[in-house]
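Q: quick one, what's the 3D model for this:
(one chain, ligands or ions: 1)
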Amino acid sequence: MALFILEGLLSGINFTIIFFIIKDVLDLNFNYNQILKYSSILALVYLIRNFLYRRAYTYGQYAGSDISRNIRLNLGNKFKEIPLFNFTKRKTGKYINTVTNDVDSYENILTHKYGDILKNLVLVIMLLIYMFKFNKDVGIVSLVGGLLLIPSLYISFKIVNKHGKNKNLAQSDNTDNIVEYITGIKTLRIYGQDGVNNNMIINSMKNYSDVSFKYEINILPMAGIFNILIGLCIPVSIYIVGLSYINREIDIKMAIMISTLPIFLNKLLNTLYISLTGYKNLKISRNNIESIFNEKEEFKNNKSFNPKVFDLEFENVNFSYDDSKKVCDKLSFKGEHGKLTAIVGSSGAGKSTILNLISKLHVPDSGSIKIGGIDIEGISSEKILDKISMVDQNTFLFNDTIKNNIKIAKPTATDQEIIEVSKLSNCHDFIMEEKDGYNRLVGENGNRLSGGQRQRISIARTLLKDNPIVLLDEATASLDIENELLVKEAIMNLISKNKTIFMVAHTLPIVKNADRILVMNNGKIIESGTHEDLMKLKGKYYSMYLADKSN
Ligand SMILES: Nc1ncnc2c1ncn2[C@@H]1O[C@H](COP(=O)(O)OP(=O)(O)OP(=O)(O)O)[C@@H](O)[C@H]1O
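A: Take a look at the predicted model:
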């Protein structure tokens, strides 16, 4: 900043030199020595200014990229603290937009805007001082022109606030839709909904360009009015200078000099107006970054969580995602330590929601969930998740080797441990089929592996993490027979490890051996007991079992 101000001050020397040249020319004193003197001063000042500007620019770039890197890292840290249920479709787009575009815009404020604004401000002040010094009346007219900047910017800032925010929101939506479009491109292609056939993406692009156009069109009138008003200061100043010259209050040198200054001032004020309006727009990005940092964080405390046993109890738990529908309706049940509790029931009954509540991805509206007799409400979710492993249909794999993907569950694991859990989860054979073995790359989100192989890797992770509670969500759904058998076998290996297991399942044979089966319907548990108990009841489970062709 200091270097930019210094550079601005030095550029004022140009005006002084121009003044002296005009003076010398009119005094018929403009000889070779004078020419040499002025050109040398101008060259020297130019070199110093160039040096200062380069330094200021480099420092600015360096500081800017340092700051934006830190902001991005801190945002990454903050995402760790934001409750998982906040990562909804809309918010994800907003987050991506902030981490990419908003941080870039903020860096732009730091690296370019501040410097330009300061430099031009210094020059405007210098020119005003010159004008007051040379001719008070022209000084007053120029000052009024300069002060017009304040109300004009006030109005422009209001417009920027209103339309700039909409533009920023449309940009987030756009980012979000583009991410969804690209991730869903396979499905969209299958149904011929890609490219210009995709209404969602077309509307989103159109909305963004409409909102951007609206922003520009609303900003323009005020910029035009300001432009005209300060433009009028030039003829008024020249009129005053002309009168002063006719009345012999100033000589011709002064008259020429003072007439040129309002033209420079006009250009500077216009640049300043544009820079400050742009600065205000970029501040929306700064506010977006701040709003993420201010987002409510997940409940956290330092309370340790080390229950002696890991039985799990729901007591009168009520929960709904939104007010329209109760997804858990006064749920009460117990899953004993080291036992397998299966949850079955019709689609949408609330089975997966139970697992989400256990892992604190959501919190109940009322009632309590206890692990080993301790209410999990008062424990941070980080500590709860430290005791839980989860296997669901959508195993997320990183674009890395198989080994590293398993190791994520326990970064300190030895190769021997990894091979051991891979054998138990029926992964070892398919891993060794290829020459790279455990160092084979799985591709983006594991796309070089089959669905069953991905699930077995997820089970290997669970075995490696060796947590006392295991949540299995439809782990055998959508698999072919061979894969299903291998996954089931892997699950059985998991079950034999004395863990408290909750398993949501559609196919009933694997449920048959459960210690307890909960049958859900519309957020309620309507039956519970062992397979034999429920078969004797001849209720919902009985009819589901008879209808299940996989028995
Ligand atoms: N994130 C969410 N926001 C709003 N509603 C949701 C959300 N997740 C689930 N639901 C709704 O909650 C209800 C229970 O969903 P849940 O996934 O728990 O059912 P489920 O029994 O596991 O179903 P399925 O067997 O089909 O997987 C459903 O009506 C569903 O539409």
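Q: show me where this structure dips below the pLDDT cut-off.
A: 88-90, 474-484, 496, 549-551 (pLDDT under 70).
Q: distance check, the residue nearest the centre of the chain against the ligand.
A: Residue closest to the mean C-alpha point of the chain, counted by Cα atoms, centre = their mean, is Y95 at 2.1 Å. To the ligand, Y95 is 17 Å away according to Cβ to the nearest ligand atom, to the nearest Å. All C-beta atoms are positioned from the backbone trio N, CA, C, and that covers glycine.
Q: check which helix or strand covers that residue.
A: In this structure, Y95 is located in helix 89-97 according to DSSP states H and E.
Q: and the helices in the stretch 1-150 of the chain?
A: Secondary structure of the stretch 1-150 of the chain by DSSP state H, counting those that start in this stretch: the helices cover 2-11, 13-26, 32-81, 89-97, 103-108, 114-134, 136-147, 149-159.
Q: buried residues in the fifth one, which are they?
A: What that stands for is helix 103-108. Neighbour counts using 16 or more other Cβ atoms under 10 Å place V103, S105, Y106, E107, N108 of helix 103-108 among the buried residues.
Q: I figured the second one hits N287, correct?
A: No. Contact between S105 and N287 fails when scored by Cβ atoms under 8 Å: they sit 10.9 Å apart.
Q: neighbouring contacts of the helix holding Y95?
A: The list of residues contacting helix 89-97 from outside it, by Cβ atoms under 8 Å, 6 or more residues apart in numbering, reads 75, 79, 87, 168, 171-177, 179-180, 288, 292.
Q: tilt between it and helix 32-81?
A: Our comparison of helix 89-97 with helix 32-81, counting by axes from the mean of the first three to the mean of the last three Cα atoms, to 10 degrees, yields an angle of 150 degrees.
Q: next one: helix 89-97 to chain centre, how far?
A: Mean-position distance between helix 89-97 and its chain equals 6 Å (Cα atoms, centre = their mean, to the nearest Å).
Q: buried ones in that helix?
A: For helix 89-97, the neighbour count (16+ other Cβ under 10 Å) marks K91, T92, G93, K94, Y95, I96, N97 as buried.
Q: which one among the buried residues of helix 103-108 gets closest to S237?
A: The shortest separation between S237 and any of these is 34.6 Å, and it belongs to N108 (by Cβ to Cβ).
Q: show me the contacts for that closest one.
A: Counting by Cβ under 8 Å, 6+ apart, N108 touches G64, L282.
Q: recalculate using a threshold of 6 Å.
A: Applying Cβ atoms under 6 Å, 6 or more residues apart in numbering, one finds that N108 lies in contact with L282.
Q: which of the helices of the stretch 1-150 of the chain sits closest to D415?
A: In terms of Cβ to Cβ, the element of those nearest to D415 is helix 32-81, at 29.0 Å.
Q: all strands of the stretch 401-550 of the chain, in order?
A: According to DSSP state E, counting those that start in this stretch, the stretch 401-550 of the chain carries its strands in the segments 469-473, 500-504, 516-521, 524-529.
Q: mean neighbour count added to the ones you listed, as a markdown table?
A: Rendered in a markdown table, the data for the strands of the stretch 401-550 of the chain read as follows (neighbours: other Cβ atoms under 10 Å):
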| stretch | mean neighbour count |
| --- | --- |
| strand 469-473 | 24 |
| strand 500-504 | 24 |
| strand 516-521 | 22 |
| strand 524-529 | 17 |
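Q: out of those, which comes closest to Y438?
A: Using Cβ to Cβ, the nearest of the strands of the stretch 401-550 of the chain to Y438 is strand 469-473, at 23.5 Å.
Q: what is the burial count for I219?
A: The burial metric for I219, expressed as a neighbour count using other Cβ atoms under 10 Å, is 19.
Q: excluding its backbone neighbours, what's nearest it?
A: Using Cβ to Cβ, 6 or more residues apart in numbering and skipping residues adjacent in sequence, the residue nearest I219 is I159, 5.8 Å away.
Q: what does L441 give?
A: Excluding its sequence neighbours, the residue lying closest to L441 (Cβ to Cβ, 6+ apart) is T401, at 5.9 Å.
Q: check whether stretch 315-322 contacts the ligand.
A: Yes. Remark: stretch 315-322 sits within contact range of the ligand at Y321, by Cβ under 6 Å from any ligand atom.
Q: so which bits of that stretch are buried?
A: For stretch 315-322, the buried set under the neighbour-count rule, 16+ other Cβ under 10 Å, comprises E315, V317, F319, S320.
Q: how far off centre is that stretch?
A: Per Cα atoms, centre = their mean, the displacement of stretch 315-322 from the mean C-alpha position of its chain is 30 Å.
Q: how about stretch 291-301?
A: A distance of 15 Å separates the C-alpha centroid of stretch 291-301 from that of its chain, computed with Cα atoms, centre = their mean.
Q: list the buried residues in that stretch.
A: Of the residues in stretch 291-301, those buried under the neighbour-count criterion (16+ other Cβ under 10 Å) are I292, E298.
Q: what does that stretch rub up against?
A: Outside of stretch 291-301, the residues that reach it under the criterion Cβ under 6 Å, 6+ apart are K78, E81, I82, P83, T98, S380, S381.
Q: okay, it in CSV with CA atoms only?
A: Taking Å, rounded to 0.1, in the frame of the first residue of the first chain, the C-alpha atoms of stretch 291-301 are listed here in CSV:
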residue,chain,number,x,y,z
SER,A,291,-20.8,-16.0,6.2
ILE,A,292,-19.3,-19.5,5.8
PHE,A,293,-16.9,-18.8,8.6
ASN,A,294,-19.8,-17.6,10.7
GLU,A,295,-21.9,-20.7,10.0
LYS,A,296,-23.0,-22.6,13.0
GLU,A,297,-20.7,-25.4,13.8
GLU,A,298,-21.4,-28.9,14.9
PHE,A,299,-22.0,-29.3,18.6
LYS,A,300,-18.6,-29.8,20.2
ASN,A,301,-17.2,-30.3,23.6
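Q: a helix runs through N306, doesn't it?
A: No. Inclusion of N306 in a helix is not indicated when DSSP: H, G, I helix; E, B strand; the rest coil is applied; the result is coil.
Q: about what we covered before: surely the residue nearest to I219 meets L220?
A: No. If you go by Cβ atoms under 6 Å, I159 and L220 don't touch, sitting 9.7 Å apart.
Q: these two: which is more packed in?
A: With neighbours defined as other Cβ under 10 Å, I159 and L220 compare such that I159 has more, 18 against 11.
Q: that's all I had, so thanks and see you.
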